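Peer 1: Take this sequence and fold it.
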Amino acid sequence: MEQSGRPPFYPEIQCQSHNIEMILQTLRKSDAATPQYSAAFVGNREKDRLISDGNFHIFEEKQGSASVLTAEQVDLLSRTENEHQVVAYMTPFLEDIVKDTVSCSVFNSEEYKWIQTSNSTNIYNEKPDLIISHPAFINSKLPFNCNDEKLQQMRSNSDLKYGVLSQWKLRDFIGLTCEAKQGIDNGAFGEVINYGAHICFGAHRATMTRLLLFDKQSFWLVESVRGIVASVTTSQWLDHGSKDLLRNFVRKPALPKLLNDACGHFNLTVASDSFLGAGAFGYVFCAQRQDRLFALKIVLKPNVQRLQTEKSKIIRAMNTCPDEVIGLEEEGFQIFEDGAALLMSTVGRPFTELDPQSIVQSLQRLHDHGIVHGDARLENVVCVDGKPRWIDFADSDLLLDAPLLMQREMDALIGHVKERFDGYNKSI
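Peer 2: You can find the predicted model right below:
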């Protein structure tokens, strides 16, 4: 029986490519989450399929290579009493493995729901135990409350971090999503399969994602492609070579590397809670140099030319109407191997802190100087020292005689302002 609002599991079919595509098309159209089978059923069926297809592997030890844990450490892990303790014990070891992997870090999310299962409700959102990601893609959280004295002691002995993905649209940049159990069974595997299905589902989905399922003795490396488990490799914590196996399994998407390259070039740092937003083609972060904050926009390689064009348009708008535009730093544009970066001179506050009339008047001043913004939404205006400043000029143009186009842009902005600011009346 279907349960409305719950996450999808795979229907009972042979996993041929055309059948998989039919499932995906159905899910995309409905964008609704309705499981048909239990996690244990799905875990058992998918394991059988993977074994049959030759895609369920047992890691072969590599003598002379390091294991994730020593025998003494595995003995201590075996004495943990619940899943929270398993997570707390393993987090420092995972942190040590991934810290040099595109500056990834390990964040505890076991009591914070961040995996979306439906556009219509967050009731059934899910909370995997750990997320491994570049800190700039994470919103930090406070440690969850617990009365477990042993867990409290384990926390005090480790520098544990808590957080969730800043925005669901960033899920293609996750290094690893992790789930801990006291013992791995089909139900645990089915649960992890479900995480992968959702990360690869809906708008801004990841084409491929990687997941880690682990218990007191072993771990499973699960690769999901378009929401379907493509392969599983199992290993013991004590296996020689297991440390490199796990380290090499962590995803290394281009955007975190590009962010690191840009920060290095401009002598900036980014941390948790740095993500400011994403547009049609770029990602913006709050970055710091000494005691000064900047807005850093980065784009991947296919959009380098567009960012370069935006830079030129911002400079033109600054020269024409400097009081209405977020400025750029001198030499604030740079191309890298994986994309490009644009460094803006300040970080604005949310538009909600502005007087709505000042927003409308600011756009009017741009128009008075012949500048059509091209995307004059409230999300593209920020508050700086109590005044509006416009950002994202990728679609702007300098048109000295375009009254109809400007009127349309103004009417659209006023419509947005009326929706977001109760009681606003136009008065230019």
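Peer 1: Could you confirm Ser257 falls within a helix?
Peer 2: Wrong residue type there; residue 257 is Lys, not Ser. Yes: assignment of Lys257 by DSSP: H, G, I helix; E, B strand; the rest coil places it within a helix.
Peer 1: quick one: it from Gly348, how far?
Peer 2: Remark: distance between Lys257 and Gly348 (Cβ to Cβ, to the nearest Å) = 27 Å. Where C-beta positions appear, they are placed from N, C-alpha and C, glycine not excepted.
Peer 1: Which of those two has more residues huddled nearby?
Peer 2: Taking other Cβ atoms under 10 Å, Lys257 and Gly348 do not tie; Gly348 has more neighbours (21 against 17).
Peer 1: for the stretch 151-300 of the chain, what spans make up the strands?
Peer 2: 163-165, 176-180, 208-214, 218-225, 228-236, 275-278, 283-289, 292-300 (DSSP state E, counting those that start in this stretch).
Peer 1: Touching the third one from outside, list them.
Peer 2: Applying Cβ atoms under 8 Å, 6 or more residues apart in numbering, the external contacts of strand 208-214 come out as 86, 90, 130, 132, 171-172, 174-181, 184, 188-189, 192, 195-196, 199-200, 219-226, 230, 246, 249-251.
Peer 1: Then the second one?
Peer 2: Counting by Cβ under 8 Å, 6+ apart, strand 176-180 makes contact with 83, 86-87, 90, 94, 98, 104, 110, 115, 128-132, 188, 191-192, 195-196, 199, 209-215, 249-251, all of which sit outside it.
Peer 1: any idea of the mean pLDDT in that strand?
Peer 2: Averaged over strand 176-180, pLDDT sits at 98.
Peer 1: Paired strands for that strand, with orientation please.
Peer 2: strand 130-133 (antiparallel), strand 208-214 (parallel) (DSSP bridges).
Peer 1: Relative to the whole chain's centre, how far out is that strand?
Peer 2: 15 Å (Cα atoms, centre = their mean, to the nearest Å).
Peer 1: got the angle between it and strand 218-225?
Peer 2: Angle of strand 176-180 versus strand 218-225, following axes from the mean of the first three to the mean of the last three Cα atoms, to 10 degrees, is 140 degrees.
Peer 1: Likewise for the third one?
Peer 2: Note on geometry: by the same axes, to 10 degrees, strand 208-214 and strand 218-225 are set 160 degrees apart in direction.
Peer 1: where do the helices sit along the chain?
Peer 2: 17-30, 39-53, 71-78, 83-98, 149-156, 186-199, 242-249, 254-266, 304-320, 356-368, 403-420 (DSSP state H).
Peer 1: in the second one, what's buried?
Peer 2: So the one you mean is helix 39-53. By neighbour count with 16 or more other Cβ atoms under 10 Å, helix 39-53 contains the buried residues 39, 41-47, 49-50.
Peer 1: Of these, just say which sits nearest to Ala71.
Peer 2: Lys47 (28.3 Å; Cβ to Cβ).
Peer 1: so that closest one makes contact with Asn186?
Peer 2: Yes: counting by Cβ atoms under 8 Å, Lys47 touches Asn186, with 6.7 Å between them.
Peer 1: how distant is stretch 304-315 from the center of its chain?
Peer 2: Counting by Cα atoms, centre = their mean, stretch 304-315 comes out at 25 Å from the chain centroid.
Peer 1: Return it as PDB; C-alpha atoms alone will do.
Peer 2: Written as PDB, here are the backbone C-alpha positions of stretch 304-315 (Å, rounded to 0.1, in the frame of the first residue of the first chain):
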ATOM      1  CA  VAL A 304      33.300  31.800 -17.700                       C
ATOM      2  CA  GLN A 305      32.500  34.000 -20.700                       C
ATOM      3  CA  ARG A 306      29.200  35.000 -19.100                       C
ATOM      4  CA  LEU A 307      30.900  36.000 -15.900                       C
ATOM      5  CA  GLN A 308      33.500  38.000 -17.900                       C
ATOM      6  CA  THR A 309      30.600  39.800 -19.600                       C
ATOM      7  CA  GLU A 310      28.900  40.500 -16.300                       C
ATOM      8  CA  LYS A 311      32.200  42.000 -15.000                       C
ATOM      9  CA  SER A 312      32.200  44.400 -17.900                       C
ATOM     10  CA  LYS A 313      28.600  45.300 -17.400                       C
ATOM     11  CA  ILE A 314      29.100  45.900 -13.700                       C
ATOM     12  CA  ILE A 315      32.000  48.200 -14.400                       C
END
